[in-house]
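Enquirer: predicted model follows, preceded by the sequence.
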Amino acid sequence: MLSRFHIGGIAAQTAQLIGRLGQIGAIWIVSDVGYYLLLPVLGIKPGYNEGPVAITLYYTFWAGIAVIQFWPLYSSWSLYGKWSTFENRLTSYVLWSLSFVGCILFASYVLPSLPTVNWTESWNPPDVRVATPWYFLPKSIEILFQQLLVVALVLTLATQGYSIRAIAISCALLFGCTHILLGFGGVPLGYVIRFMVSATIFGFCFPYLILKVRNGLAYSYMIHWLYYAVSVMLPHIFASPVK
C-alpha cells in the first residue's frame, strides 16, 4: 500500500506541474490576446510592418515577465541539460556574433533585393507575406519570448522526471496548439493549420536541442527565426511580376 506521505508527495508534485503549466499557458494566451485586443485600444495597429517599435517593446515586456516568473526554473537548467550554459564562451561568442550578423544582413540586404510581392487576394495579407525589413525587429523579440516559454515548459517537465521523448511529444502538442491563436489575426484557416503543423514539428525538436546539444537554445532560436525568414522569402521568390 502507498503511504499517506507518498500519496501526499505525488499530489504535491502533480499540483506543482499543473501550476507551472498553467502559468506558461496564461502568459502565452494573455500576451496573444493583448496583442490583438489591447494594442488596438491603445491606438497601435497589430501589425509587425506598421508598428515595429511599439510591438518590439510589447514583446520585450513579455520576455521580461517570462524571465522574472521562471528564473528559479531557469537556474536549474544545468541539472537537466547535458552541458552547462555558456560552458565554452568562445564558441558562444562566435555563434552569437555570426547569428546576429546573419539576421542583420538578411533583413537589411537580402530581403530588400527580392522581387516585390504582387498581392491580388481580396483579404488582407498576413505580415509574413508582405514583410518589410522592419518586420524582423519585433519578430526576433517575439521568437525570444516564445523560446523562453518553451525552455520553461521543457524544464518543468524535466523536473517532474519525464523522459526526453515524453517531453518532446508534450512540447510538440502544446506548442502546436498554441498557434491556433493565430486565428485571431483574421488569416485563412490554411495559414493557421500550416503554422500549427510547423510548430508541432519544431516543438518536438526543441527539447532535444535545449537539453542535449551544447548551445542548444541558440540553435533552437535560429531554427525558429529561419522558419520565418524562409516564409518571408517564398512569396518574393515566386511572386508574379508587378504590372
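Expert: Arrived safely.
Enquirer: distance-wise, check Phe195 relative to Ile237.
Expert: Separation of Phe195 from Ile237 (CB to CB, to the nearest Å) stands at 19 Å. Heads up, the C-betas are built off the backbone N, CA and C, glycines and all.
Enquirer: got it, and His224?
Expert: As judged by CB to CB, His224 and Ile237 stand 21 Å apart.
Enquirer: the more surrounded of these two?
Expert: Shown here are His224 and Ile237; by other CB atoms under 10 Å, His224 has more neighbours (21 against 10).
Enquirer: that one is in what secondary structure piece?
Expert: helix 216-237 (DSSP states H and E).
Enquirer: so for that helix, mean pLDDT?
Expert: Throughout helix 216-237, pLDDT has a mean value of 91.
Enquirer: what sits up against stretch 76-83?
Expert: Applying CB atoms under 8 Å, 6 or more residues apart in numbering, the contact partners of stretch 76-83 are 84-85, 151, 155, 158-159, 210-214, 216.
Enquirer: where does the protein have low pLDDT?
Expert: Residues of the chain that meet the criterion pLDDT under 70 lie in 1-11, 119-124, 184-187, 239-243.
Enquirer: same thing but at 80, please
Expert: Counting by pLDDT under 80, the ranges of the chain that qualify are 1-13, 82-88, 116-126, 129, 179, 181-191, 236-243.
Enquirer: spatially central residue for it, please.
Expert: Gln146 (3.0 Å; CA atoms, centre = their mean).
Enquirer: just how off-centre is the helix ranked longest in the chain within its chain?
Expert: Counting residues, the longest helix found in the chain (DSSP state H) is helix 4-33. From the chain centre to the centre of helix 4-33 is a distance of 21 Å (CA atoms, centre = their mean, to the nearest Å).
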